[in-house]
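Participant: any chance you could fold what I've pasted below:
(chains A and B)
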Amino acid sequence: AQSVAQPEDQVNVAEGNPLTVKCTYSVSGNPYLFWYVQYPNRGLQFLLKYITGDNLVKGSYGFEAEFNKSQTSFHLKKPSALVSDSALYFCAVRVNTNAGKSTFGDGTTLTVKP
Amino acid sequence: EAGVTQFPSHSVIEKGQTVTLRCDPISGHDNLYWYRRVMGKEIKFLLHFVKESKQDESGMPNNRFLAERTGGTYSTLKVQPAELEDSGVYFCASSQEWRGAYNEQFFGPGTRLTVL
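Facilitator: Below you'll find the model as predicted:
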């Protein structure tokens, strides 16, 4: 069975500082990894994905994530946080054999303070 | 292009009642997924339609839940009778023709269900 862990329920950073939201996964087979963001009263918005190739992937709004196979991690990062980045972030994994079914983590609430 | 829409946005019902949630996917998307987030935990997969057929319903919690997608367009998820533990946010997502597990899934805003 596949699983995703987001070990931090809450991450607080000051505006302008770098941010990291952690994600580790467990799958049988090659993982396809995703980050989504949810703003209040909105649906999940796709941020970025890792399918294959370069371990560092860049996505929307200046976010990036690094796939680390040995540590089974896919941490989300941003060099300089904005107050508007404050939201709920979900990491998700799929494997090719399950036709797009996603397994999500519990979510991490990011708060960026001015 | 309109995104995935869900109706209602909120529903408050009493235990034992019936509720029907609706999802309208992006036009032309063959794949439709239902997920739910209960008690602030992870978002869990419920089922996957390809057009009108159920591709995978392994996540459906029990037979009180019935999903349909007549004609391969919109989908409904009925909970009958509702129990307290069914409270949560129900998300719908859609994606284009399946070309592998990495098709981007577009999510709706969710329906917040509260069972009292």
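Participant: which bits of chain A sit near chain B?
Facilitator: A:4, A:32, A:36, A:41-46, A:49, A:51, A:90, A:92, A:94-107 (CB under 8 Å from any CB of the partner chain). Yep, even glycine has a C-beta here, placed from its N, CA and C like the rest.
Participant: I'd say residue B:8 and residue B:111 touch.
Facilitator: Yes - using CB atoms under 8 Å, residue B:8 is in contact with residue B:111, at 6.0 Å.
Participant: coming back round to it: keep only those of the residues of chain A next to chain B that are in strands.
Facilitator: Among those, the residues falling in strands (DSSP state E) are A:4, A:32, A:36, A:44-46, A:49, A:90, A:92, A:94-95, A:103-104.
Participant: now the residues you listed in TSV, with pLDDT and neighbour count?
Facilitator: Putting these into TSV (pLDDT from 0 to 100; neighbours: other CB atoms under 10 Å in any protein chain shown) gives the following:
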residue	pLDDT	neighbour count
A:4	96	24
A:32	89	21
A:36	95	24
A:44	88	30
A:45	90	16
A:46	89	16
A:49	91	18
A:90	96	26
A:92	94	26
A:94	86	26
A:95	79	16
A:103	92	23
A:104	94	23
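Participant: okay, now the unreliable bits of the chain?
Facilitator: This is for chain A. A:96-100 (pLDDT under 70).
Participant: wrong one, I was asking about chain B
Facilitator: In chain B, residues with pLDDT under 70: B:1, B:97-102.
Participant: for it, what lies in contact range of chain A?
Facilitator: Residues of chain B lying near chain A (CB under 8 Å from any CB): B:3-4, B:31, B:33, B:35, B:37, B:40-45, B:48, B:50, B:55-56, B:59, B:91, B:93, B:95, B:98, B:100-110.
Participant: name the nearest residue to the residue nearest the centre of chain B, ignoring sequence neighbours.
Facilitator: The centre of chain B sits closest to residue B:34, judged by CA atoms, centre = their mean, with a distance of 3.1 Å. Setting aside the residues directly before and after it, residue B:34 is nearest to residue B:46 in space (CB to CB, 6 or more residues apart in numbering or on different chains), at 4.1 Å.
Participant: count the neighbours of the one you found for me.
Facilitator: 22 (other CB atoms under 10 Å in any protein chain shown).
Participant: for whatever helix or strand it lives in, packing partners?
Facilitator: Per DSSP states H and E: residue B:46 is located in strand B:43-50. Helices and strands touching strand B:43-50, by 3 or more CB pairs under 8 Å, 6 or more residues apart in numbering or on different chains; DSSP states H and E, are strand A:103-104, strand B:31-37, strand B:53-56, strand B:65-68.
Participant: great, nothing more from me.
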